[in-house]
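Chemist: Here is the input, now give the coordinates:
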Amino acid sequence: MKKKTIYFAFLALFFLAVVFLAFNRHSKYGPYHYRSEIFADRAGYYIYLPALFIYHFQPEKLPKDADRKTGNGFRLDLANNKIITKYPYGVALLQTPFFLMAHILSILTGQKADGFTFLYQKSVDVASVFFLILGLFALFRILRKQYSLKISFITLGTVFLGTNLFYYSIMDTGMSHVYSFSMFSLYLLFLSDWEKIPGQQIKQGILLGLVAAVILILRPINLLFILFTFFLYPDIFREKLRSRKIWFIVAFFLTGFVVILPQMIYWHYLSGSFIHYSYGNETFTHLADPQLAALFFAPNNGHLLYNPVFLVFVTGVVLMIFDKKREGLVTGLLLLVLSYLISAWWMYYFGCGFANRNFTEYYAVLALPLAYLINKPKRKSLQSVLYFLLLVFSIYNIKMALSFDGCWYGTGNWDWNMYLHWLLNPPS
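Modeler: As a prediction, the model looks like this:
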């Protein structure tokens, strides 16, 4: 009981500390500022909530020019009476309880309850931190099955402080990545805890189907992660198919369909079709010439340039492969496919973002190879070198995240002067 109390107190303090950091980061910027919680892509993910609960999808009722004022993350089509966003509704789904609390508090305190004022902005920060902690807690549960408390905490500290998860948990709280990270971690926990899930096929199917569907409606490309888990935990899915546990399969897909259905209804409202590609001409235009060098090394969003700790995670993957661990081989293949797909997209840097944001959620997967690497050295000197590297890379990541202004302002993708400006100048 005492241990649980200590854990709960630690989580509560950590939650409050990160919420404070997120609030402080946005404290100087009111609604309709490019650094606010609801702007550009962030507004595109969020707009489902005020559209549904306040304006009932009637665009003329929204604040005048709300789309333009929030950075054109969505569009108000007054001529056709449509609220248009290309982004799926998964982020809004997970933000819903926090939005509703903000809405009720806005009404009770006499504030403007239009979906864009102070409390609504802060609800996005609180949602981000909540799902950050849920994801880290799920990862902690997974790590503790194999590793000591010390290694588990060092791994989690590196995942949070050493990667762009820090940036997307505190600075860019309205983006999908911290939510995907949380759901990835939860899904991996359920699979690793398979024997402890209540034995009924229907309960198992509903639980996994729910999380899998949320993962998909956060970002469709997250399908890659779902496919990866079939190879990471093949025995579970093989057992279900071989034993013909039909009710598990029915529950899994039926739950998934129910979760995805609102997205299909929105697509029908938007286009007249239940299946719709909302990203227009944005597609994989570099399949034959993937921009791999830029993906990792370009001053504009090159992942290794901003998150060099990635090399340490990859070292863990390589070590697992050398030790003939199936998880290492599967994770290595996942990284290769992921890197190829990101670099084949028409814009490898995916717009304004820090350290190529597509890798953020996959640190839930890479946490296990990192823990494996940390646990490997038996000599104190090697352990000290590794800990020192993790510390330096984490400090570097935090510094760059605090210096980054939210978007790339250099001349072309290889403008080293812009990178050096962020590297050498004090954080903003």
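Chemist: Skip the chain neighbours and tell me the closest residue to the spatially most central residue of the chain.
Modeler: For the chain, the residue nearest the mean C-alpha position is His177 (1.8 Å; CA atoms, centre = their mean). Excluding the flanking residues, the one nearest His177 by CB to CB, 6 or more residues apart in numbering is Thr360, at 3.9 Å. In this view, the C-beta of every residue, glycine as well, is placed from N, C-alpha and C.
Chemist: Shouldn't the one you found be within a strand?
Modeler: No: applying DSSP: H, G, I helix; E, B strand; the rest coil, one finds Thr360 to be helix, outside a strand.
Chemist: Surely it and Phe181 touch.
Modeler: Yes: under the criterion of CB atoms under 8 Å, Thr360 makes contact with Phe181 at 6.1 Å.
Chemist: Can you check which residues contact both of the two?
Modeler: Residues touching both Thr360 and Phe181 (CB atoms under 8 Å, 6 or more residues apart in numbering) are Leu165.
Chemist: more crowded one of these two?
Modeler: Per other CB atoms under 10 Å, whichever of Thr360 and Phe181 has more neighbours is Phe181, with 30 against 27.
Chemist: all helices for the stretch 1-150 of the chain, in order.
Modeler: All helices of the stretch 1-150 of the chain, identified by DSSP state H, counting those that start in this stretch, fall at 2-25, 41-46, 48-53, 66-69, 90-108, 118-143, 149-161.
Chemist: now swap in the stretch 151-300 of the chain and tell me
Modeler: 165-170, 177-192, 201-218, 223-232, 234-242, 246-271, 292-297.
Chemist: circling back to that earlier point, could you pull up the residues touching the residue nearest to His177?
Modeler: Contacts of Thr360 (CB under 8 Å, 6+ apart): Thr163, Asn164, Leu165, Tyr168, His177, Val178, Ser180, Phe181.
Chemist: related to what we said a few turns ago, let me have the helices of the stretch 151-300 of the chain in JSON lines, extended by mean pLDDT.
Modeler: Output for the helices of the stretch 151-300 of the chain, formatted as JSON lines (pLDDT from 0 to 100):
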{"stretch": "helix 165-170", "mean pLDDT": "98"}
{"stretch": "helix 177-192", "mean pLDDT": "97"}
{"stretch": "helix 201-218", "mean pLDDT": "93"}
{"stretch": "helix 223-232", "mean pLDDT": "95"}
{"stretch": "helix 234-242", "mean pLDDT": "70"}
{"stretch": "helix 246-271", "mean pLDDT": "94"}
{"stretch": "helix 292-297", "mean pLDDT": "98"}
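Chemist: Select, out of those helices, the one closest to Lys399.
Modeler: helix 165-170 (10.8 Å; CB to CB).
Chemist: Could you list the buried residues of the closest one?
Modeler: By 16 or more other CB atoms under 10 Å, the buried positions in helix 165-170 come out as Leu165, Phe166, Tyr167, Tyr168, Ser169, Ile170.
Chemist: ok, these vs Ala40, which is closest?
Modeler: Tyr168 (14.1 Å).
Chemist: does the closest one really touch His177, like I thought?
Modeler: Yes: the pair Tyr168 and His177 passes the contact test of CB under 8 Å, sitting 4.4 Å apart.
Chemist: list the buried ones in stretch 103-115?
Modeler: Buried, per 16+ other CB under 10 Å, within stretch 103-115: His103, Leu105, Ser106, Ala113, Asp114, Gly115.
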